[in-house]
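Trainee: here are the coordinates; sequence isn't available:
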């Protein structure tokens, strides 16, 4: 079956559930404190028991680990920290033996500055044959090279500071939208594109089932690289107008599809992470007729609780804003395209701490509620490791407890600007990416069963009560609730094919919607109380008396005409047209 054939039957991934593994923090088999591929192999039966369909593996390629592997120095090998290519082949075979698929992380907006492509580009100088593989520019006219303000434009890096680093040997600057050790590839160069496609085909020939593509909508930059507007209280310009869904992005992704995926004998999965993508653009990217991508990760709903200062300036989330956002995406991609569904991943704080209530009283119920709401939307759900246990943010005590380059750079920058260290730490505790990167909590032993050595980052102390071993033995746990929910994804056609209709859009505590499958008349009703207080809700006409299909509370009696939802209660009802 050709990839993305618009005349084909619904794709396998439309009723699948994807599980993201962050290898560094998943399971350590050799006591060096860092997770590895053999550790993943040892826990595949756990993932099979959870009944997920796809494993998305965050980068395991060789890397200096300036950004925990998202700075790749060799695209066609495995970092010794994680194992060997033989280990990878064993993992892939074991995944396939269990009826699951494996998707690799593709990071091709940038490489490591230690990748041979970049060292050749830098060391060959401006006239070198690989200079144009990266984005090099001369200093701003009239400025002394290497001094503040001499950068070719005023763009800021996502990881603080300028987006340019000066190369003393040549006098020029290279662009890095992220860390200085992550130089951006020049996708205007066809040699770069062909090298990337050849690498992708190499992995597909090994048997991988697709790619999650890191910041893939940033590949195309406006060649003029103009200055960006400097926001209030900002130090650098916002260059996003020149690189978010840039001028040739659709051309590049269509070419990638033709060169890599078109006509492939296996139906593969392509997922594009796309900061600031609009609904209209996402529809175009994922329209099967355009043959670009299968689905995108959009960031709108996880940006609603950001204050004027951005990520580390959090504000309370308004439920009405969340419903409006997710509702727009459900409607916008209803006829053409496809949604990815997620609350968190390796770049975001833990969902139960951010959107739910991680207190002992409400953690289990709110974790199950968030899963219910998410998985019953139209799209493909993604589970980030530990989410199925209700893992929460970690109680980082000091800046020395953090490891993430983004967090450490932000702290240094804020302290240098005179900010109160405790206020900066409070923001990091709430939003640092390290919250998602604390080790997987397998049991109640020291280090949570993650390692017998010293973990690269401390395990959350709550692993003594929140861990996989305890939850697998408890049928009322978050883990088993996820299993029941995933079972619904696999068996209810309304979840894959049904229409979506938001209910109570103006209510600040109730999240409710229906899914209707016209082909068989099946309809599902989801009612969720996203608050710590009991709330009475009017049940839609025709739903009173229907049996409960799934609930995160013990009482599952038929619905009355007016129902009082307990704190963080979620319930799903089903009816079929007569």
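Mentor: Yes, it's here. For clarity, every value in this text was computed on a predicted model and none was experimentally measured.
Trainee: pLDDT weak spots in this protein?
Mentor: For the chain, the stretches flagged by pLDDT under 70 are 1-9, 556, 578.
Trainee: can you give the contact residues for the biggest helix by length in it?
Mentor: As assigned by DSSP state H, the longest helix anywhere in the chain is helix 190-206. Residues outside helix 190-206 that contact it (Cβ atoms under 8 Å, 6 or more residues apart in numbering): 75-76, 88-89, 92, 104, 106, 108, 117, 133, 185-187, 211, 252, 255-256, 259-260, 264, 268. (Each C-beta comes from the backbone N, C-alpha and C, glycine too.)
Trainee: can you flag the buried ones in those?
Mentor: By neighbour count, with 16 or more other Cβ atoms under 10 Å, those hold 75, 88, 92, 104, 106, 108, 117, 133, 185-187, 211, 252, 255-256, 260, 268 as buried.
Trainee: list the contacts of the residue most central in space within the chain.
Mentor: Centroid-nearest residue in the chain, with Cα atoms, centre = their mean: residue 345, separated by 4.2 Å. Counting by Cβ under 8 Å, 6+ apart, residue 345 touches 20, 382, 384, 436.
Trainee: so which of the residues you listed comes closest to residue 65?
Mentor: residue 436 (16.4 Å; Cβ to Cβ).
Trainee: without its sequence neighbours, what residue ends up closest to residue 74?
Mentor: The shortest distance from residue 74 to any non-neighbouring residue, by Cβ to Cβ, 6 or more residues apart in numbering, is to residue 62 (4.1 Å).
Trainee: related to what we said a few turns ago, can you give me how far the longest helix of the chain is from the chain middle?
Mentor: 23 Å (Cα atoms, centre = their mean, to the nearest Å).
Trainee: that helix: what's the following helix or strand?
Mentor: Per DSSP states H and E, the first helix or strand lying C-terminal to helix 190-206 is strand 210-213.
Trainee: in that next one, what's buried?
Mentor: 210-213.
Trainee: and if you look at stretch 496-506?
Mentor: Residues of stretch 496-506 classed as buried by neighbour count (16+ other Cβ under 10 Å): 496-498, 500, 502-504.
Trainee: let me know the outermost residue of this protein.
Mentor: In the chain, by Cα atoms, centre = their mean, residue 142 is the one farthest from centre (42.4 Å).
Trainee: which secondary structure state does residue 336 sit in?
Mentor: Under DSSP: H, G, I helix; E, B strand; the rest coil, residue 336 falls in the coil class.
Trainee: what separation do you get for the nearest residue to it once chain neighbours are set aside and residue 294?
Mentor: Leaving out its chain neighbours, the residue that sits closest to residue 336 by Cβ to Cβ, 6+ apart is residue 287, at 4.8 Å. Shown here: residue 287 relative to residue 294, a distance of 11 Å by Cβ to Cβ, to the nearest Å.
Trainee: and if you look at residue 155?
Mentor: 31 Å.
Trainee: now swap in residue 221 and tell me
Mentor: Counting by Cβ to Cβ, the gap from residue 221 to residue 294 is 25 Å.
Trainee: circling back: host element of the residue farthest from the centre of the chain?
Mentor: Residue-wise, residue 142 maps onto no helix or strand under DSSP H and E.
Trainee: how much space is there between residue 547 and residue 480?
Mentor: Residue 547 is 20 Å from residue 480, by Cβ to Cβ.
Trainee: just want to know which of these two has more residues nearby.
Mentor: Using other Cβ atoms under 10 Å, the more surrounded residue of residue 547 and residue 480 is residue 480, with 18 against 11.
Trainee: am I right that that one sits in a strand?
Mentor: No: counting by three-state DSSP, residue 480 falls outside a strand, being helix.
Trainee: and it, what does it touch?
Mentor: Contacts of residue 480 by Cβ under 8 Å, 6+ apart are 471-472, 474.
Trainee: secondary structure added to those, as a markdown table?
Mentor: Below are those laid out as a markdown table (three-state DSSP):
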| residue | secondary structure |
| --- | --- |
| 471 | helix |
| 472 | helix |
| 474 | coil |
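Trainee: where along the stretch 51-200 of the chain do the strands fall?
Mentor: 54-57, 101-106, 136-137, 164-166, 173-175 (DSSP state E, counting those that start in this stretch).
Trainee: could you dump those to JSON lines with distance to residue 125?
Mentor: Conversion of the strands of the stretch 51-200 of the chain to JSON lines gives the following (distance: least, Cβ to Cβ, whole Å):
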{"stretch": "strand 54-57", "distance to residue 125": "37"}
{"stretch": "strand 101-106", "distance to residue 125": "30"}
{"stretch": "strand 136-137", "distance to residue 125": "10"}
{"stretch": "strand 164-166", "distance to residue 125": "14"}
{"stretch": "strand 173-175", "distance to residue 125": "13"}
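Trainee: right, and these - which one's nearest residue 526?
Mentor: Proximity to residue 526 (Cβ to Cβ) singles out strand 54-57 among the strands of the stretch 51-200 of the chain, at 23.8 Å.
Trainee: show me what that closest one pairs with in its sheet, parallel or antiparallel.
Mentor: Counting by DSSP bridges, the strands paired with strand 54-57 are strand 18-21 (parallel), strand 101-106 (parallel).
Trainee: so which of those strands gets nearest residue 551?
Mentor: Here strand 18-21 is closest among those (Cβ to Cβ), at 23.7 Å.
Trainee: would you tell me what the next helix or strand after that closest one is?
Mentor: The helix or strand immediately downstream of strand 18-21 is helix 37-42, counting by DSSP H and E.
Trainee: contact partners of the next helix or strand after that next one?
Mentor: Next in sequence after helix 37-42, counting helices and strands by DSSP H and E, comes helix 44-50. Residues from elsewhere that reach helix 44-50 (Cβ under 8 Å, 6+ apart): 19, 55, 94-95, 98-100, 383, 388, 468, 472, 479, 482-483, 486.
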